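**Student:** mind looking at a prediction? Sequence and model below.
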Protein chains: 2
Amino acid sequence: MKRLLLLAITWLALAAAPAVAERTYTLKLAETWGPNYPILGEATRNMAAMAETMSNGRLRIRIDSSNKHKAPFGIFDMVKAGQYDMGHTASYYYKGKIPNAMYFTTVPFGMIAPEMYAWFYFGDGMALMEKVYAPHGLLSFPGGNTGNQMGGWFREEITSLDDLKGLKMRTPGFAGEVMSELGVAVTNIPPGELYTALERGTIDALEWVGPALDFSMGFHQIADYYYSGWQEPGAEVQFLINQRSWERLPEDLQEILRVAMRTAAYDMYIQSTHQSGEAWAQMKEAYPDVAHRTFPPEVIAALREATDRLLMEAAEADPLAREIIDSQHDYLQQVRRWTNISDRAYLNTVAPVE
Amino acid sequence: MKRLLLLAITWLALAAAPAVAERTYTLKLAETWGPNYPILGEATRNMAAMAETMSNGRLRIRIDSSNKHKAPFGIFDMVKAGQYDMGHTASYYYKGKIPNAMYFTTVPFGMIAPEMYAWFYFGDGMALMEKVYAPHGLLSFPGGNTGNQMGGWFREEITSLDDLKGLKMRTPGFAGEVMSELGVAVTNIPPGELYTALERGTIDALEWVGPALDFSMGFHQIADYYYSGWQEPGAEVQFLINQRSWERLPEDLQEILRVAMRTAAYDMYIQSTHQSGEAWAQMKEAYPDVAHRTFPPEVIAALREATDRLLMEAAEADPLAREIIDSQHDYLQQVRRWTNISDRAYLNTVAPVE
């Protein structure tokens, strides 16, 4: 009888083996964004919901927004230190610590969203991003694209390079550096104060994101000219993962996490497209004076010239920077010729919308 | 002792409960494409691999290509009958059986890929597609986008509407109907005979897909003019699933399948973008005489007028057709205004590629 009991236990224990492996993993994620932030914050929640349902509850992602961790631009450090397993942020925020991080977000005059994804997934993008992040014990994945960002809101029309001289404009990062080269007085002002600063003339212009995220800021109520962009043609945010947290996951949950991040990123690009269309229509309806403009050719030429100069300086200072800049440049040359004969030609010749 | 044995069995059986639920599901998928077909066939394999790894082998997709099932355009019937659990095909192939199916693939002068995804996932697209497929006991999901398809290969330049009169061209489907209205002698020729037909002058022109899939067909060796398209601005293929097969899956595997399909679809669009860029560069290098052209404005205007007329006839014949056509029209009007001030303006003003 005792032998039978042992047999039964052995048999059942074997049958139960898969169940033993079914432990639950909880990953803590810190995001740059505030609580319930539209589009960017929805990407993390979309990712977490897919991962949890696909894993039947075995993989849980607990999201802390910036009100909780108080370090919106400290995501890189917190995930590197293992304080958080994951982050959702933008690579170019860490330019100060890892200068080569910025190219994985977007580059002025660079690739638009589908071109950028093609470079990441079918060109050298992922391998180069690993080269930058692996030394920090981090994995990095595309985390969602805002689509083409607008060049900004201007209270007066820009008809020449002269109009930019001395113009007070809020535009951060690399675009700000480029604008400075053209004589713009670049300032940075916290988001909460931007509307008042523009209204009172503390600044003459500002650049935020695009219609989907600009709408709730209300800039269209106080500035008439909305310029097409040049500075962030396909800004991709990112997921960061601590290498040790990643390696603790079994292979199926790694794949669930990888695919959930990839889908949430693509979904964010499509949601941005949708909400930009919706918000732009709402702005135009409520404020019919709001007008779309493109910068005159001499302004574009000067911006491009300054961009190329800054990129060349970066390439000369660091071999890995050169490798990334060259890879993006060569890839863009190839893929853009395709974009030009497909979507661009189509949009120009066949599809007028009044 | 017997009681102890029972207790042990009960306890172990309870602990083993999750393992009992871990049964394996195998779904049979029939695809329209031949074995190892590039891009379109890679989408099904990508989807199946993600589903199998994410489910730790619990969800297996067995793929039959057209050489196996012999019915490339019978996918709808086979999945409806339950002969296959799933299909990978294009909705517009079933225009004859379900006329409203075609709008979910692409429509001449319609949306480009990101606009189309936005309509599916954030507009009314998914709900309308369900309205068309649910009565057949089928679920339908986006299955991958080819990107903007080219207008075709022409041996002579098209400079006016007159050049189209009597022109012998292979162009199937709705685009063929529209071309007929302009006096084109539309023919259909099996893929394997297309090259010879064009070379020998049996036809003067043909439309296939775009550089990525046209390249291996060799048309660039015998026709110099490659025209931008108007007829399939963002062709989305589809996954079809038998409703009963879907309902047999537990909730976690349904989500794994849903997300694997969604990711594989997006991935196919990005792969098409990548390979089109690569193939177009290769064509131009090997055959420098190959030239890109856009149809003259009077041709575009006539194509658009004929398209609008055929769509209006379809809308008048069927209330559901009208609902879909109106939904796509209204959505395009909104989202295209955004595309125009973002990617289109950017591509036109800031990003020349020699």
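**Tutor:** Looks like it arrived, so ask away.

**Student:** please make it C-alpha for all contacts and neighbour counts, starting now.
**Tutor:** Noted.

**Student:** show me where the stretch 51-200 of chain A has its helices.
**Tutor:** Under the criterion DSSP state H, counting those that start in this stretch, the stretch 51-200 of chain A contains helices at A:66-69, A:75-80, A:113-122, A:125-133, A:173-181, A:194-199.

**Student:** can I get those helices in a markdown table including mean pLDDT, mean neighbour count and distance to residue A:305?
**Tutor:** Listed next are the helices of the stretch 51-200 of chain A as a markdown table, based on pLDDT from 0 to 100; neighbours: other C-alpha atoms under 10 Å in any protein chain shown; distance: least, C-alpha to C-alpha, whole Å:
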| stretch | mean pLDDT | mean neighbour count | distance to residue A:305 |
| --- | --- | --- | --- |
| helix A:66-69 | 96 | 14 | 37 |
| helix A:75-80 | 98 | 23 | 32 |
| helix A:113-122 | 98 | 23 | 22 |
| helix A:125-133 | 98 | 18 | 25 |
| helix A:173-181 | 93 | 19 | 9 |
| helix A:194-199 | 97 | 18 | 28 |
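
**Student:** in JSON lines, list the ones you listed along with distance to chain B.
**Tutor:** Listed next are these as JSON lines, based on distance: least, C-alpha to the nearest C-alpha, whole Å:
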{"stretch": "helix A:66-69", "distance to chain B": "27"}
{"stretch": "helix A:75-80", "distance to chain B": "25"}
{"stretch": "helix A:113-122", "distance to chain B": "5"}
{"stretch": "helix A:125-133", "distance to chain B": "12"}
{"stretch": "helix A:173-181", "distance to chain B": "14"}
{"stretch": "helix A:194-199", "distance to chain B": "23"}
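
**Student:** check which helix or strand covers residue A:338.
**Tutor:** helix A:319-339 (DSSP states H and E).

**Student:** would you list the helices of the stretch 51-200 of chain A in CSV and tack on distance to residue B:242?
**Tutor:** Shown next, in CSV, are these (distance: least, C-alpha to C-alpha, whole Å):
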stretch, distance to residue B:242
helix A:66-69, 44
helix A:75-80, 43
helix A:113-122, 32
helix A:125-133, 37
helix A:173-181, 51
helix A:194-199, 53
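
**Student:** how close does the spatially closest residue to residue A:171 that is not a sequence neighbour sit to residue B:169?
**Tutor:** Nearest residue to residue A:171, sequence neighbours excluded (C-alpha to C-alpha, 6 or more residues apart in numbering or on different chains): residue A:207, at 5.4 Å. Relative to residue B:169, residue A:207 is positioned 49 Å away (C-alpha to C-alpha, to the nearest Å).

**Student:** got it, and residue A:128?
**Tutor:** Look at residue A:128 and residue B:169: by C-alpha to C-alpha, they are 45 Å apart.

**Student:** for residue A:103, same thing?
**Tutor:** Remark: distance between residue A:103 and residue B:169 (C-alpha to C-alpha) = 46 Å.

**Student:** which one's more surrounded, the two?
**Tutor:** Higher neighbour count among residue A:103 and residue B:169: residue B:169, with 26 against 21, using other C-alpha atoms under 10 Å in any protein chain shown.

**Student:** which residues does that one bridge with?
**Tutor:** When bridges are taken as DSSP bridges, the partners of residue B:169 come out as residue B:186, residue B:205.

**Student:** now do the contacts for residue A:151.
**Tutor:** Counting by C-alpha atoms under 8 Å, 6 or more residues apart in numbering or on different chains, residue A:151 makes contact with A:207, A:226-231.

**Student:** how about a cut-off of 6 Å?
**Tutor:** A:227-229 (C-alpha atoms under 6 Å, 6 or more residues apart in numbering or on different chains).

**Student:** do you know the pLDDT at it?
**Tutor:** pLDDT, residue A:151: 97.

**Student:** ok so, going back, what packs against the helix holding residue A:338?
**Tutor:** Secondary-structure packing of helix A:319-339 (3 or more C-alpha pairs under 6 Å, 6 or more residues apart in numbering or on different chains; DSSP states H and E): helix B:251-286.

**Student:** what's the following helix or strand after the helix it packs on?
**Tutor:** As assigned by DSSP H and E, the chain's next helix or strand after helix B:251-286 is strand B:291-293.

**Student:** got the contact list for that next one?
**Tutor:** Contact partners of strand B:291-293, identified using C-alpha under 6 Å, 6+ apart, comprise B:224-227.

**Student:** now stretch A:314-334
**Tutor:** A:100, B:277.

**Student:** tell me the pLDDT at residue A:4?
**Tutor:** Looking at residue A:4, its pLDDT reads 50.

**Student:** apologies, that question was intended for residue A:304.
**Tutor:** Residue A:304 is assigned 96 on the pLDDT scale.

**Student:** excluding its backbone neighbours, what's nearest it?
**Tutor:** Nearest non-adjacent residue to residue A:304, counting by C-alpha to C-alpha, 6+ apart: residue A:109, 7.0 Å away.

**Student:** report how many residues lie close to the one you found.
**Tutor:** For residue A:109, the neighbour count with other C-alpha under 10 Å is 23.

**Student:** again with residue A:71
**Tutor:** By other C-alpha under 10 Å, the residues close to residue A:71 number 17.

**Student:** give me every residue that touches it.
**Tutor:** By C-alpha under 6 Å, 6+ apart, residue A:71 lies in contact with nothing.

**Student:** same check on the one 3 residues further on?
**Tutor:** By C-alpha under 6 Å, 6+ apart, residue A:74 lies in contact with nothing.

**Student:** helix/strand/coil for the residue nearest to the spatial centre of chain A?
**Tutor:** The centroid of chain A falls nearest to residue A:237 when counting by C-alpha atoms, centre = their mean (2.3 Å). Under the three-state scheme (DSSP: H, G, I helix; E, B strand; the rest coil), residue A:237 adopts strand.
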